[in-house]
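In: This is a predicted model, with the sequence first.
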Amino acid sequence: MNYLLDVNALVALGFANHEFHDRVAAWIGTRPMPTIATCAITELGFIRVLAQATTYGLDVAQARTLLLRLKKADVSRFLFVADDHDTSRLPAWVKAPKQITDGHLVELARANGSALATLDSKIPGAYLIPEK
């Protein structure tokens, strides 16, 4: 199975001091090792979160470098999913603004034979990354 990481899961994997880093890293390290994917939304979100939050202390260039290094690491196989979905593909359960990106990513993952992997238990149809 392939898994498209949402922004929070990607940030947790890429930033060792993140509160959920160990959880995501342990899941990635299971055998057989899952194939994980990113897309433009999750990659840009990773950079935005790490460069915007004072918690992480990175600028845009440092966050981008960290992401590129993560994608080249032997942690897992990374795929990049091109995004050709428009708003007509939003699932019916999307009712609130905070659900728009989640709904889009669930459908993008599904269309590419993947599941959206997340730390958020409230996303219908997504795979909840298990606790250690």
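Out: That came through, no problem.

In: What sits closest to residue 131 if chain neighbours are left out?
Out: If the residues on either side of it in the chain are set aside, residue 131 comes closest to residue 23, at 5.9 Å by C-beta to C-beta, 6 or more residues apart in numbering. For glycine as for every other residue, the C-beta is placed from the backbone atoms N, C-alpha and C.

In: Same question for that neighbour, what's its three-state structure.
Out: Classification of residue 23 using DSSP: H, G, I helix; E, B strand; the rest coil returns helix.

In: For the chain, name the helix or strand with the lowest mean pLDDT.
Out: Sorting the helices and strands of the chain by mean pLDDT, DSSP states H and E puts strand 78-81 at the bottom, at a mean of 92.

In: buried residues in the helix or strand just after it?
Out: Moving toward the C-terminus from strand 78-81, the next helix or strand (DSSP states H and E) is helix 100-111. Under the neighbour-count criterion of 16 or more other C-beta atoms under 10 Å, helix 100-111 has 102, 103, 104, 105, 106, 107, 108, 109, 110 buried.

In: contacting residues for the residue nearest to residue 131?
Out: Residues in contact with residue 23, defined by C-beta atoms under 8 Å, 6 or more residues apart in numbering, are 12, 119, 129, 130, 131, 132.

In: Drop anything exposed from the residues you listed.
Out: 12, 119, 129.

In: Return the per-residue confidence for the first one.
Out: So the one you mean is residue 12. According to the predicted model, the pLDDT of residue 12 comes to 96.

In: Secondary structure element holding the nearest residue to residue 79 once chain neighbours are set aside?
Out: For residue 79, ignoring the flanking residues on the chain, the nearest one in space by C-beta to C-beta, 6+ apart is residue 37 at 4.2 Å. According to DSSP H and E, residue 37 maps onto strand 35-39.

In: Next one: the spatially closest residue to residue 129 that is not a sequence neighbour from residue 39, what distance?
Out: Closest residue to residue 129 apart from its sequence neighbours, by C-beta to C-beta, 6+ apart: residue 27 at 5.0 Å. For residue 27, the distance to residue 39 under the criterion C-beta to C-beta, to the nearest Å works out to 19 Å.
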